[in-house]
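Asks: The following block contains a protein sequence and its predicted model.
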Amino acid sequence: MSDLEMQQYLFDLQGYLVIENVLSSEEVSTLNQLIDKQSLPAPKEAIRFGSAAGGAPEGPGFLGWGQPFCDLLDHPQIMPILRFRLGDCFRLDRLYGIQMQEGMPMGRLHADYGASAPNISCQPGEYYHFPDNAIHHGFTVVVWNLSDTGSDHGGLCCIPGSHKSNFKLPQNVFHTPDRASCVVIPEVPAGSVIMFTESLTHGTAAWKGKHHRRSLLYKYCQSQVVWSPKRVRPPSDVELTLRQKILFSEPADPYRFFPSLFDLEDA
């Protein structure tokens, strides 16, 4: 079984996937040093950084802090899974960073799509059923860890398999997730990446680590899908590749008005 075959299986099974040791210790150190230069407020004052409210900064956000942040946009370790999840035509919709320090509380569990989503009662748009072996829908989040997260520290928490649930999240799990055995905190070492579908019931675990948490979140969606009227804009002082430029394109119908991100690679 190939690595990609296993990754696809685990993503489909769990609703998330951990890929360890994607970045070297030097790359992690460089990103942390660039963040340090921004003189951010303390985590207890602002848990998010590098964007405006809602995650779309109406500008480049932390991508304007240096080339290393842009290098993560289409990192070769994440592109095969994004292609598997979203098809050949997808765009960067939102981004922001998360920082936490010891003693910060847990955030609420939520899902942006599916049975527990706030928009579940909305009239759906035009859609059709894909083959059983294809998963092309919604948003996929890529979380780059610049510090260790896991059960001993905190970080992303989720309910594996909940992206396929047909029933709403029980209230006792929503109100006391720290007591629910179905809620897990995946182990994601610094330099590793965790990818998950926004249909997965997920949240932020209370931070118990002595070190600060730092994670960078890049949120991708199919080219015709959009979260809000705001847009992430490319940085003006970083030279982007053609593929990276496509990721900042306006929402549009795939192939007709939005090009494939893989045409050159396939050729």
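Replies: Good, I have the coordinates.
Asks: Surely residue 100 and residue 42 touch.
Replies: No: with contact defined as Cβ atoms under 8 Å, residue 100 does not reach residue 42; the gap is 10.4 Å. All C-beta spots, glycine's among them, are computed from the backbone N, C-alpha and C.
Asks: So these two - more neighbours on which side?
Replies: Neighbour count, other Cβ atoms under 10 Å: between residue 100 and residue 42, residue 100 has more, with 27 against 9.
Asks: check contacts around the more buried one.
Replies: Listed by Cβ atoms under 8 Å, 6 or more residues apart in numbering, the contact partners of residue 100 are 43, 47, 154, 204, 207, 209, 212, 213.
Asks: and if we set it to 10 Å?
Replies: Going by Cβ atoms under 10 Å, 6 or more residues apart in numbering, residue 100 touches 43-44, 47, 107, 147, 149, 153-155, 204-209, 211-215.
Asks: which of those are buried?
Replies: 43, 47, 107, 147, 149, 153-155, 204-207, 209, 212-215 (16 or more other Cβ atoms under 10 Å).
Asks: residues touching residue 62, list them.
Replies: Residue 62 touches 31, 34-35, 38, 49-51, 69-70, 95-97, 216, 235, counting by Cβ under 10 Å, 6+ apart.
Asks: Make a markdown table from these and add secondary structure, distance to residue 88 and pLDDT to it.
Replies: As requested, the contacts of residue 62 are exported to a markdown table (DSSP: H, G, I helix; E, B strand; the rest coil; distance: Cβ to Cβ, whole Å; pLDDT from 0 to 100):
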| residue | secondary structure | distance to residue 88 | pLDDT |
| --- | --- | --- | --- |
| 31 | helix | 29 | 98 |
| 34 | helix | 31 | 97 |
| 35 | helix | 32 | 97 |
| 38 | coil | 35 | 95 |
| 49 | strand | 32 | 94 |
| 50 | coil | 28 | 92 |
| 51 | coil | 27 | 84 |
| 69 | helix | 24 | 98 |
| 70 | helix | 21 | 97 |
| 95 | strand | 21 | 94 |
| 96 | strand | 26 | 94 |
| 97 | strand | 28 | 96 |
| 216 | strand | 24 | 98 |
| 235 | coil | 25 | 94 |
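Asks: Buried subset of the residues you listed, written for PyMOL?
Replies: To isolate the buried ones among the contacts of residue 62 in PyMOL, judged by 16+ other Cβ under 10 Å, type:
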select buried, resi 31+35+49+50+51+69+70+95+96+97+216+235
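Asks: Show me which pair in the contacts of residue 62 is furthest apart.
Replies: Pairwise distances across these (Cβ to Cβ) peak at 16.9 Å, for the pair 49 and 70.
Asks: Closest to residue 174 out of the contacts of residue 62?
Replies: Nearest to residue 174 among the contacts of residue 62: residue 96, at 23.5 Å, using Cβ to Cβ.
Asks: Surely residue 249 and residue 92 touch.
Replies: Yes: using Cβ atoms under 10 Å, residue 249 is in contact with residue 92, at 9.2 Å.
Asks: who's more crowded, the two?
Replies: residue 92 (22 against 15).
Asks: Give the helix, strand or coil label for that one.
Replies: Per DSSP: H, G, I helix; E, B strand; the rest coil, the local secondary structure of residue 92 is strand.
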